[in-house]
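Chemist: Next input, structure requested:
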Amino acid sequence: MPSEVFADETMARGMAMVAVAVDCASLDASRRALRSVANKNQVRLHFKSENDTIRRKALDVISTLGVAATVYDAASIKSSERARAACLRAILTDTVESGHRRPVVELDDSPPSFDRRVLQHQDGQLGRPPGTSFVHMRAAQEPLLGIPDAIAWCWARGGQWAKLVEPMIIQTRLL
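Modeler: Numbering: from 1, shown residues only. The predicted structure is shown next:
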């Protein structure tokens, strides 16, 4: 079953990105499920801003979606730009090698032009046309970006939160 990949970062313990594969057949149902967790006035689910009740409710919903997450841990790379680039390259490579559709990367404070340069270069290395295999979106535009946000926050937080997302994480790659 083809999947689409959604990726977000955390800087809580150094740079790490989480990429989550969601089956294409369940994209709309998964979006509805995530929207049901957020308050009506919220434009997005953002884990660092939620209270623990909403966090637990969101994790309960996410755990039913059958997602598969990979953590790309670049904390050993001191330069935040080099660390982000390493994560993005690894996500794109894994996406292509796994036969998933393009990764959707959350557009946040990092300059999108930096991400585009890194990913277009990686596209060239993989033999794909530049700029065709990834997209930037704001979390308010794509509710499914709430999934890697939640998993990344819990993973970085550690303790009981990391244990709650452990079954969803199929791999942790140290970069």
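Chemist: moving C-terminal of the least confident helix or strand in the chain by mean pLDDT, what's the next helix or strand?
Modeler: The least trusted helix or strand in the chain, going by mean pLDDT, DSSP states H and E, turns out to be helix 112-126, with a mean of 65. Counting by DSSP states H and E, the next helix or strand C-terminal to helix 112-126 is strand 135-137.
Chemist: Show me which positions of that next one end up buried.
Modeler: His136 (16 or more other CB atoms under 10 Å). The C-beta positions use only the backbone N, C-alpha and C, and glycine is treated the same way.
Chemist: The longest helix along the chain - contacts with which helices or strands?
Modeler: When the chain is parsed with DSSP state H, its longest helix is helix 80-98. Using 3 or more CB pairs under 8 Å, 6 or more residues apart in numbering; DSSP states H and E as the contact test, the elements touching helix 80-98 are strand 3-10, strand 16-23, strand 68-73, strand 103-106, helix 112-126.
Chemist: Mind doing that once more with 7 Å?
Modeler: Here helix 80-98 touches strand 16-23, strand 68-73, strand 103-106, helix 112-126, going by 3 or more CB pairs under 7 Å, 6 or more residues apart in numbering; DSSP states H and E.
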